[in-house]
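Q: starting from these lines, generate the structure:
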Amino acid sequence: MLIFFGLMLLGIEAKRQGLMSNENQKQLSALVINIAYPALILSGVVGSGTRLQGAELAHAFFVALLVILVVVVFGKLTPYLLGYEKKYHGIINVMVVFTNVGFMGLPMIQGMYGADAVIRMTAFIIPFNILFYSYAIQTMQAAGTRKKQFQLHELCNTGMAACVAAVVIYLLDWHLPYALERIVQMTGGLTAPLAMMLIGAALPDVPWKKALTNRPLLGFVLWKMLIFPTLALWGLSHFVSSPVLLAVALCALATPSGNMLAMLAAIYNKDSFLLATEGIALTTAAAVVTMPLVAFLMGIG
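A: Numbering: from 1, shown residues only. Reported below is the predicted structural model:
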């Protein structure tokens, strides 16, 4: 958490010095979404290491799909429960569904349980990324001021291509040439620093006094970071006995709203960009307390 806050502070300083501006943040966001993050998706499967096989792999994907079903249902319900205007339904929805499971959850799981747990998290990250490049974009567009019908060709983007390639590479156990593997890994390594700096660069524009007195937003933070993950994990614990899989599910449910969502808002629904930045900032700050608390309540650790 301190590392992520440090990167956000660098973004604030870059904004203060004019290295990041409101004009170039959209271009940098597009670079992260279309180049760096797809490379991060691929970097999770191109290296060598322990692999899940057979029943273990199927079980991990089953739990991941179960978690996705839960977050999608509650993502749709949350803006209605909190009484948000229609134009904000999209961003509130996706801020429940899509968390920092990749940028924040992976390092946590690796530190706690080692490489084997990282492989299990791959079963979560791939379907979540497929959903991100389809469901998240369509939900943001649907809530925007410019309505348009869903077109299948809109799923043809670098992120979705990376997801499909990751599944193929993993299942067929392909090994890329060393130079290409390093290019993918180094490019993917740009994602977290750039994404967190972009969030930091947007923070000076956040009306903090308004955000901290915004009862619906504070209610969202309490629901998203504490109540919902605790209830969801309690229900999941009746079907999942593996403490490692429960810890992976914790990272999918209780990490802050994903910083990539602010970049999506900047591109697809500018009306919700400020709310996205406020929500991401507040959930990131709250995570320092809420994640350990949820883990303690569920006996995960």
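Q: so who does Met104 touch?
A: By C-beta atoms under 8 Å, 6 or more residues apart in numbering, Met104 lies in contact with 1, 4, 251, 255-256, 287. From N, CA and C alone the C-beta is placed, and that goes for glycine too.
Q: make a markdown table from these and add neighbour count, secondary structure and pLDDT to it.
A: Shown next, in a markdown table, are the contacts of Met104 (neighbours: other C-beta atoms under 10 Å; DSSP: H, G, I helix; E, B strand; the rest coil; pLDDT from 0 to 100):
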| residue | neighbour count | secondary structure | pLDDT |
| --- | --- | --- | --- |
| Met1 | 13 | coil | 64 |
| Phe4 | 22 | helix | 75 |
| Cys251 | 26 | helix | 87 |
| Thr255 | 24 | coil | 91 |
| Pro256 | 27 | coil | 90 |
| Ala287 | 22 | helix | 86 |
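Q: need the max-distance pair from those.
A: Within those, two members stand farthest from each other by C-beta to C-beta: Phe4 and Cys251, at 13.9 Å.
Q: low-confidence stretches in the chain?
A: Scanning the chain for pLDDT under 70 picks out 1, 48-53, 103, 110, 115-116, 118, 142-155, 301.
Q: how close does the residue located most distally from the centre of it get to Ile125?
A: Here the chain reaches farthest from its C-alpha mean at Pro177, the gap being 29.2 Å by C-alpha atoms, centre = their mean. Separation of Pro177 from Ile125 (C-beta to C-beta, to the nearest Å) stands at 24 Å.
Q: from the contacts of Met104, pick the one nearest Leu274.
A: Here the nearest of the contacts of Met104 to Leu274, counting by C-beta to C-beta, is Pro256; it sits at 17.0 Å.
Q: start from the N-terminal end of the stretch 1-150 of the chain and give the helices.
A: Ranges of helices in the stretch 1-150 of the chain, per DSSP state H, counting those that start in this stretch, are 2-16, 25-31, 37-46, 54-81, 89-97, 106-113, 115-131, 137-142.
Q: most tightly surrounded among those?
A: helix 89-97 (a mean of 26; mean count of other C-beta atoms under 10 Å).
Q: quick one, that helix and helix 54-81 angle?
A: Inter-element angle recorded for helix 89-97 and helix 54-81: 140 degrees (by axes from the mean of the first three to the mean of the last three C-alpha atoms, to 10 degrees).
Q: pull the residues that contact helix 89-97.
A: Outside helix 89-97, the residues that touch it by C-beta under 8 Å, 6+ apart are 71-72, 74-76, 78-80, 82, 84, 131, 135-136, 139-144, 220, 224, 228, 257-258, 261, 264-265, 269, 272, 275-276, 279-280, 283.
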